[in-house]
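# here you go, sequence then predicted model.
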Amino acid sequence: MKHGDKAKAAKAKASGKEKSAQTGPKAGAKGSKAGESGKKAPAAAQKSSAKAAAQAPAEKDSAKGGGKATAKAPAKATSGGNGPARPGVAGGSGFSNPVIGNAFKRAIKKFPNAFRKLTD
Amino acid sequence: MQDIVELHRAVSAEFGGTQAHPGVVDSQFGLVNAVQRPQVTTLGREAYPSFPEKVAAFLFALLTYSPFRGGNRRVALAALFAFCELNNRTIDSRMLDEKGAETLFRRAAAYREMGIPPENVYKEIRETLSRAIVPLPS
């Protein structure tokens, strides 16, 4: 075992805990449990991810690795739908440029039959 | 380029059948070539100086190279509107109606099979578009 391997193993363990914390609200509570050295376990495990997000700043100080996991928790809680929103997409129409989205809508409105008939 | 891929994704989602491959680029070279075609210069001069010429060159390249697996003509039709709107212009549907657009795009995509010279197809697109492209009403 070389010098620094022990630190690496500890880091890997911490990151494993983070990954489990990202999976859902229950798991997020588990992550917080890990951050607070296992004292608040039963109460925290039952609460929602929103509450876990509220606890995030306190946990950030207590655990070195737990910081990342708790920082990601609020984003999950706010996304609310079937997965997180794509970063570059405006308006949810699938276009990063809204002008292109409007042009596409206008094209469909003007030439609906042409779009249907033009098949490769 | 990203916009064209997004258009293909949207067109496939809206009209694509079982053969649709949304957003899958078959020929990267063809897509890059089509996107850069309006900017081509020859001997220090723009090869396509006017706006209708640029649009016609872009569409002709897009239809010739067929960079996507399916829905190339639909993407070209959507890209025509997108290109115009990005430059504060639009298509006058009295000048280019649905039937005319359909025929034009079919001819441009299959000019080899039909035995039409490419320069004639390009000229046809350019002349049609120079009549059909109008400023975007405010």
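Nice, I can see it.

# so where's chain B uncertain?
B:17-19 (pLDDT under 70).

# tell me which residue lies nearest the centroid of it.
Nearest residue to the geometric centre of chain B (C-alpha atoms, centre = their mean): B:Leu59, 2.4 Å.

# any idea which helix or strand carries that residue?
Assigned by DSSP states H and E, B:Leu59 belongs to helix B:51-65.

# which positions in chain A make contact with chain B?
For chain A, the residues in contact with chain B (C-beta under 8 Å from any C-beta of the partner chain) are A:93-97, A:99-104, A:106-108, A:110-120. C-betas here are computed from N, CA, C, even on glycine.

# any of these buried? List them.
Buried subset of the residues of chain A next to chain B (neighbour count, 16 or more other C-beta atoms under 10 Å in any protein chain shown): A:94-95, A:100-104, A:106-108, A:110-111, A:114-115, A:117-118.

# how about low-confidence regions in chain A?
A:1-93, A:120.

# thinking again about what came up before, I'd say the residue nearest to the centre of chain B and B:Ala79 touch.
Yes. If you go by C-beta atoms under 8 Å, B:Leu59 and B:Ala79 touch, sitting 7.2 Å apart.

# the strands in chain B, which residues?
B:41-42, B:45-46, B:89-91, B:133-135 (DSSP state E).

# ok, now which ones touch B:Leu136?
Contact analysis of B:Leu136 by C-beta atoms under 8 Å, 6 or more residues apart in numbering or on different chains lists B:Cys84, B:Glu85, B:Asn88, B:Arg89, B:Thr90.

# go on, B:Gln2?
A:Ser96.

# same question for B:Ala13.
A:Gly94, B:Pro22.
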